[in-house]
Structure formats: C-alpha cells, structure tokens
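Undergrad: No sequence on hand, only this structure:
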C-alpha cells in the first residue's frame with residue numbers, strides 16, 4: 001500500500017490526514033512485528049456490507065484510502081475505496097437487497113480512487129438499485145464526494161457536511177538532513193520534474209506546481225458535486241464549496257443534503273417504500289394470473305437478477321450496452337457467456353398457472369442447446385456483444401480525454417489573450433476584449449502581434465542591429481569624415 005505522505009493531494013480535513021498517517025504508522029509497525037492475521041487472504045463477504053430487511057448497509061467510516069488490503073484497513077480504522085466498490089457490486093447482485101444505504105462518518109481522504117468509486121455508486125443507483133447516503137457524524141471532502149453520488153443525501157441535525165476542497169502538504173527535510181550531516185544533490189531532466197520533493201527547499205515553481213495540482217483536483221470535485229446535486233458550477237463553487245463546513249439545517253439550506261432527519265426516520269421511510277413496492281408487485285402478479293391469456297416475455301428485465309454484474313458490466317450499462325439481453329436462455333447454452341435473445345411465447349387462453357409456460361420455456365432452452373444453427377447464432381451474438389462492449393468502453397475513455405482537453409483549452413486561451421494585450425499596450429496600442437473569440441483566432445492574433453512586437457523590440461536591444469542597419473550607417477558618413485578617419489590610421 002503506498003504511503004499517505006507520497007500522495008500529493010488530499011481531499012480531507014487536516015485532522016483526518018494526521019489520523020490516517022498515525023494509523024499507517026501503527027499498521028507498518030504491526031506488519032514488521034509479523035502480526036498480520038493468518039486468515040487475511042481468505043475470501044469472504046465484504047466487511048463493509050450488512051443486509052437486513054431488504055436494505056444493504058455499506059459502512060464508510062474513518063479516513064479513506066485507495067487500498068484493497070482489507071486486514072490492514074480494518075486494523076488501522078481505514079476504509080478502502082476498493083472495499084466500497086466490492087460492497088456496492090455485492091449489494092447490486094444480492095436479490096435480497098432492494099435498497100442500498102451508505103452509512104458515512106468520515107472526514108475524507110485520498111483523491112486517488114475517489115472518482116472511480118463515486119461513479120460506480122451513481123451507476124448502481126441509476127441502472128440497478130436505488131442508493132441513499134446518510135451521516136450522523138461527518139461527511140466531509142472525499143466522503144461527501146462519495147455521498148453526493150447517491151440519489152438522495154440525508155444528515156442528522158448535529159452532523160457536519162461539506163468541506164468541499166483539496167489540500168496538498170509539503171514536508172521539507174533539507175535542514176534536518178543537513179544537521180544530520182547528510183548532503184543531498186538533486187539532478188533532474190525536465191524543468192518541473194519533482195520540484196516539490198522533501199529534500200529541497202520548496203521553490204516558487206514547486207509551490208506553483210502544487211497549487212496547479214490542487215486547483216485541478218478542486219475543479220473536478222466541484223464539477224462532480226454540481227452534476228450530482230443538479231446545480232450550476234458557480235453555485236457549487238461559491239455556495240457549497242470553498243472548503244466550507246455546514247451543520248444541521250445549514251447543510252439543507254445550501255443544498256448539500258436533501259433533508260435533516262434521524263437515522264430511524266430514514267430507515268422507516270425506506271422500509272415503507274419497499275413494502276409499497278412489494279405490494280404493487282404482488283398485485284400485478286395477481287392481475288396477470290387472472291387474465292384469460294398469459295403472455296410471457298423472456299427478456300433482460302425478467303432475468304437481470306440472475307446475471308452476476310461486475311464493475312465493468314455496470315459501467316457498460318451506463319454506456320448503453322443492453323446487458324439485459326444476456327438472458328438465462330443463452331446462459332444455459334454456455335456457462336460464462338450470454339446472448340441477446342428475445343423469446344416471446346403466447347400461451348393458449350385459459351392457462352390457469354405457469355406450468356405450461358415453463359414447459360414452453362424449457363423447450364426453447366433445449367432447442368438452443370441442441371440446434372447447431374441456433375448455437376452458431378448464439379456464438380456470433382456473443383462475439384458481437386463483446387465487440388460492442390469494448391467499443392463503448394473505448395468511446396467512454398475517449399470522451400473523458402476530450403473533456404480533459406477542453407478543460408485545458410480555456411486557461412491556455414486566457415493566457416494567450418493576456419499576452420496579446422500586454423504586447424499591444426507595450427507598443428503603444430490599447431487592450432482589446434477577447435471574450436467570445438475562438439481559441440484559434442486568439443492564437444492567430446498572438447502570432448501576428450508577436451511578430452510586430454519582436455521587430456520593434458529585438459532581442460539584445462541596441463546591440464542587436466541587423467546587417468542592413470549597419471550598412472546604412474556606413475553609407476550615411478560624409479566624405480570629409482571618412483578622410484579624417486583614414487588620416488589617423490596612416491603610419492607616422
């Protein structure tokens with residue numbers, strides 16, 4: 001597990017950071033002493049997940065780290081992002097879980113890993129099962145990054161929410177090493193390589209480098225909160241963000257949570273919804289049985305509970321890949337693959353129970369297993385689905401890259417526009433507003449103004465005259481002057 005001190009940016013409170021560092025020190029001491037649990041490698045149910053009465057409770061407490069070491073995390077009081085994702089996937093696949101509740105009490109933690117975990121929470125909520133977040137302690141920084149990804153966010157009256165911001169710490173040890181008689185020489189290729197290291201005094205460039213990192217992380221944080229909570233970037237930044245911490249009603253007033261209520265009240269509300277959904281389901285089944293004709297559609301929605309979803313599957317759902325088409329019919333033909341198959345069977349009117357329908361479905365399964373043509377089509381559809389999934393995932397990555405490039409163009413355009421106006425003013429002109437001007441036009445203006453600026457202020461000042469200028473100066477001398485110069489050069 002990488003050291004906390006090696007991570008440049010931290011989305012959490014200073015107290016949480018110090019607690020995480022202390023916990024890591026204790027963890028390392030135990031590992032060196034050989035106190036690691038003997039059953040550490042044994043697989044089992046996620047330690048963060050508890051299922052009761054249709055609700056999957058996922059506990060997110062303490063500092064947050066991008067660590068999958070379950071034993072170390074538990075011993076250190078740390079929650080790992082991979083553990084949260086594992087608990088989410090398990091709850092999404094558990095047919096007994098109808099609603100997922102994130103029980104959060106954390107001051108935040110590592111930036112690395114938080115976005116992937118938050119996106120999975122939202123995907124499960126949007127595509128599989130509803131997710132609600134609650135805190136009766138703290139939901140700060142990275143913990144709020146996760147909590148805001150749920151469809152609904154609640155807090156008790158004395159809970160703290162927010163602290164939307166990012167920090168970076170630099171521990172400089174050069175003087176300490178010097179006092180110890182240790183000299184360190186840093187040799188780098190690349191002006192900005194490892195500027196903010198702990199064996200050199202922090203330079204202005206190094207400080208600027210750290211500031212750039214935290215600004216970028218903060219922008220991503222604000223974007224996420226704005227999207228999850230349905231607010232503008234400006235509102236999320238100025239009203240909800242800037243590292244502000246909100247307690248009680250203030251959290252609801254500033255839209256960080258949907259409502260202030262107790263844990264028991266929230267559980268009662270969720271349980272009531274589950275009872276209503278169950279009653280509605282039973283009523284629909286009764287109406288289907290009472291119908292004169294029985295129509296059964298073997299589709300993905302009917303079989304989704306039979307399919308084991310992975311993180312990749314859930315991501316594919318968000319990308320538009322219809323995993324519901326991977327029905328249990330194709331799963332009977334092959335153990336590990338699925339096929340897009342829609343089978344609609346019209347049972348004769350007067351069927352009083354599902355026995356006849358099940359017989360029809362069984363016959364379709366036998367046909368898929370034994371018919372060579374259907375088996376070939378199944379294999380082809382499997383391959384096509386796999387290609388489509390890979391294409392969708394690749395497109396999703398390209399879209400993320402495109403969004404990253406767009407986020408870079410704006411600041412670079414502003415820098416170029418400022419440089420253009422500075423050169424214009426230096427040459428006696430006036431600044432021109434660049435608002436609404438395209439990036440390509442700003443670059444064109446920069447190139448043109450830069451050429452004029454260079455000609456007027458050549459590098460080297462007075463000494464940097466051209467050969468043409470020197471020739472012109474020679475030709476401007478009078479014949480009398482040239483004769484006097486020649487006379488002084490004659491030998492005596």
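TA: Looks like it arrived, so ask away. What you are looking at is a predicted structure, and each value in this text was computed from that prediction instead of being measured.

Undergrad: Surely residue 223 is in contact with residue 233?
TA: Yes - in this structure, residue 223 is within contact of residue 233 by Cβ atoms under 8 Å, at 6.6 Å. Backbone N, C-alpha and C define where each C-beta goes, glycine included.

Undergrad: Give me the contacts around stretch 443-459.
TA: The set of residues external to stretch 443-459 that reach it, using Cβ atoms under 8 Å, 6 or more residues apart in numbering, is 416, 419-420, 423-424, 426-427, 434, 437, 464.

Undergrad: Any of those buried? List them.
TA: By neighbour count, with 16 or more other Cβ atoms under 10 Å, the contacts of stretch 443-459 hold 416, 419-420, 423-424, 434 as buried.

Undergrad: Which of these fall in helices?
TA: Of the buried ones among the contacts of stretch 443-459, the ones assigned to helices by DSSP state H are 416, 419-420, 423-424.

Undergrad: The one helix or strand residue 252 maps to packs against which elements?
TA: For residue 252, the host element (DSSP states H and E) is helix 249-253. If you count contacts as 3 or more Cβ pairs under 8 Å, 6 or more residues apart in numbering; DSSP states H and E, helix 249-253 packs onto strand 259-260.

Undergrad: and the strand it packs on, average pLDDT?
TA: Taken as a whole, strand 259-260 has an average pLDDT of 96.

Undergrad: try stretch 171-183
TA: Across stretch 171-183, the average pLDDT comes to 76.

Undergrad: In it, which residues are buried?
TA: Neighbour-count burial for stretch 171-183 [16+ other Cβ under 10 Å]: residue 174.

Undergrad: Can you name every helix or strand that whichever strand or helix holds residue 75 contacts?
TA: Using DSSP H and E, residue 75 sits in helix 70-76. Contacts defined by 3+ Cβ pairs under 8 Å, 6+ apart place helix 70-76 against helix 14-32, strand 79-80.

Undergrad: partners of the last one in the sheet?
TA: For strand 79-80, sheet partners with direction are given as strand 64-65 (parallel), following DSSP bridges.

Undergrad: as a whole number, average confidence for the strand it pairs with?
TA: Mean per-residue pLDDT for strand 64-65: 90.

Undergrad: quick one: contacts of it?
TA: Strand 64-65 is contacted from outside by 1, 4, 12, 20, 73, 78-81, 106, 108-110, 113-114, 142-143, 146, using Cβ under 8 Å, 6+ apart.

Undergrad: Can you say which of the residues you listed are buried?
TA: Neighbour counting over the contacts of strand 64-65 (16+ other Cβ under 10 Å) leaves 1, 4, 12, 20, 73, 78-81, 106, 108-110, 113-114, 142-143, 146 as the buried ones.

Undergrad: All the helices of the stretch 351-492 of the chain, residue numbers only.
TA: Assigned by DSSP state H, counting those that start in this stretch, the helices in the stretch 351-492 of the chain fall at 355-370, 372-426, 439-456, 467-475, 479-488.

Undergrad: again but with the stretch 51-200 of the chain, I slipped
TA: All helices of the stretch 51-200 of the chain, identified by DSSP H, counting those that start in this stretch, fall at 70-76, 81-93, 114-127, 142-147, 174-179.

Undergrad: elements contacting the fourth one?
TA: Helix 142-147 sits against strand 9-12, strand 64-65, strand 99-105, strand 108-110, helix 114-127, strand 131-135, helix 204-229, with contacts defined as 3+ Cβ pairs under 8 Å, 6+ apart.

Undergrad: Not counting its own residues, what contacts that helix?
TA: 11-12, 60, 64, 84, 102, 104, 106-111, 114-115, 117-118, 121, 133, 135, 139, 153, 161-164, 221, 224-225, 256.

Undergrad: ditto for the third one
TA: By Cβ under 8 Å, 6+ apart, the list of residues contacting helix 114-127 from outside reads 11, 64, 66, 81, 84-85, 88-89, 91-92, 100, 102, 131, 142, 145-146, 148-151, 220, 224, 228, 311, 314-315, 317-318.

Undergrad: which intervals of the stretch 51-200 of the chain have sub-threshold pLDDT?
TA: Filtered on pLDDT under 70, the stretch 51-200 of the chain yields the residue ranges 192, 197, 199.

Undergrad: re the thing from before, export the ones in helices among the buried ones among the contacts of stretch 443-459 to TSV and append columns for pLDDT and distance to residue 400.
TA: Below are those laid out as TSV (pLDDT from 0 to 100; distance: Cβ to Cβ, whole Å):
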residue	pLDDT	distance to residue 400
416	82	25
419	85	30
420	82	31
423	84	36
424	83	38
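
Undergrad: coming back round to it: of the buried ones among the contacts of stretch 443-459, closest to residue 182?
TA: Closest to residue 182 out of the buried ones among the contacts of stretch 443-459 is residue 419 (43.4 Å), distances taken as Cβ to Cβ.

Undergrad: thinking again about what came up before, among the helices and strands packed on helix 70-76, which gets the worst mean confidence?
TA: Comparing mean pLDDT across those, the weakest is helix 14-32, with a mean of 69.

Undergrad: Distance check, residue 280 against residue 225.
TA: According to Cβ to Cβ, to the nearest Å, residue 280 stands 34 Å off from residue 225.

Undergrad: who has more neighbours, those two?
TA: Counted by other Cβ atoms under 10 Å, residue 280 and residue 225 do not tie: residue 225 has more neighbours, with 25 against 10.

Undergrad: Just give me the neighbour total for residue 380.
TA: Residues contacting residue 380 under the criterion other Cβ under 10 Å number 11.

Undergrad: same thing with the one 3 residues further on?
TA: A count of neighbours around residue 383, defined by other Cβ under 10 Å, yields 11.

Undergrad: list the buried ones in stretch 74-88?
TA: Using 16+ other Cβ under 10 Å as the test for burial, stretch 74-88 gives 74-76, 78-88.

Undergrad: Do you know the pLDDT at the closest residue to residue 158 other than its chain neighbours?
TA: Spatial nearest neighbour of residue 158, chain neighbours left out: residue 248 (6.6 Å); criterion: Cβ to Cβ, 6 or more residues apart in numbering. pLDDT for residue 248: 91.

Undergrad: From what I see, residue 248 and residue 260 are in contact.
TA: Yes - applying Cβ under 8 Å, one finds residue 248 in contact with residue 260, separated by 6.1 Å.

Undergrad: the more surrounded of these two?
TA: residue 260 (20 against 16).

Undergrad: Show me the beta-bridge partners of that one.
TA: Going by DSSP bridges, residue 260 is paired in beta bridges with residue 155.

Undergrad: What distance do you get for it to residue 133?
TA: Distance of residue 260 to residue 133, computed by Cβ to Cβ: 14 Å.

Undergrad: what's the overlap in contacts for these two?
TA: Here residue 260 and residue 133 have residue 154 as joint contacts, going by Cβ under 8 Å, 6+ apart.
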